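>>> Dropping a prediction and its sequence here:
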Amino acid sequence: MNFIEKFFSKYSQEKIIKWFKQMCVAEAISCFLLYGVAMIWKRYDDEGLLPTIFIIIVGNIHGLFFTGYLLLCIPVRKIFKWDDEDFVFALLSAFFPFATIWVDKKLARFDRE
């Protein structure tokens, strides 16, 4: 993971925090589009080609945001001084729908005690 820290070391902390917060929201929105729109649309229009294409596109976008969130958790851990428990919780929250919003609002703060 040294190469990830080395890659992000050229950016300021404010920029990394901004990217992390944007990634948290983008991951949650893409999750909603995938589960709340695409999957339901696919069930109602079983024979249609458009829902399948929509699932493929939104699924790829969601995968991009998911991976970006996981990668940004590493430098953000040092910025917010997360202990191991907070870091593992932040990583696991990516696997639950909309949990990244909670990480953005509660865990990613400087004044947390």
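Right, received. Where do you want to start?
>>> Can you get me a residue count around Glu85?
8 (other CB atoms under 10 Å). To be clear about C-beta, it is placed using only N, CA and C from the backbone, and glycine gets the same treatment.
>>> any idea which helix or strand carries it?
Using DSSP states H and E, Glu85 sits in helix 84-92.
>>> From Ile17, how far off is Arg109?
Plainly put, Arg109 is 10 Å away from Ile17 if you go by CB to CB, to the nearest Å.
>>> Between these two, which is the more surrounded one?
Shown here are Arg109 and Ile17; by other CB under 10 Å, Ile17 has more neighbours (17 against 10).
>>> residues contacting the residue lying closest to that one once chain neighbours are set aside?
Closest residue to Ile17 apart from its sequence neighbours, by CB to CB, 6 or more residues apart in numbering: Ile79 at 6.4 Å. The contact partners of Ile79, by CB atoms under 8 Å, 6 or more residues apart in numbering, come to Gln13, Ile16, Ile17.
>>> Columns secondary structure, pLDDT and distance to Phe89 on top of those, output as TSV?
As requested, the contacts of Ile79 are exported to TSV (DSSP: H, G, I helix; E, B strand; the rest coil; pLDDT from 0 to 100; distance: CB to CB, whole Å):
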residue	secondary structure	pLDDT	distance to Phe89
Gln13	helix	90	21
Ile16	helix	92	19
Ile17	helix	92	18
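>>> Tell me the one among those residues nearest to Leu91.
Nearest to Leu91 among the contacts of Ile79 is Ile16, at 16.6 Å by CB to CB.
>>> how many other residues sit next to Phe32?
15.
>>> Report pLDDT for it.
According to the prediction, Phe32 has pLDDT 93.
>>> Just list the residues touching it, thanks.
Pro97, Phe98.
>>> re the thing from before, out of the contacts of Ile79, which is nearest to Asn2?
Nearest member of those to Asn2, counting by CB to CB, is Ile16, at 16.6 Å.
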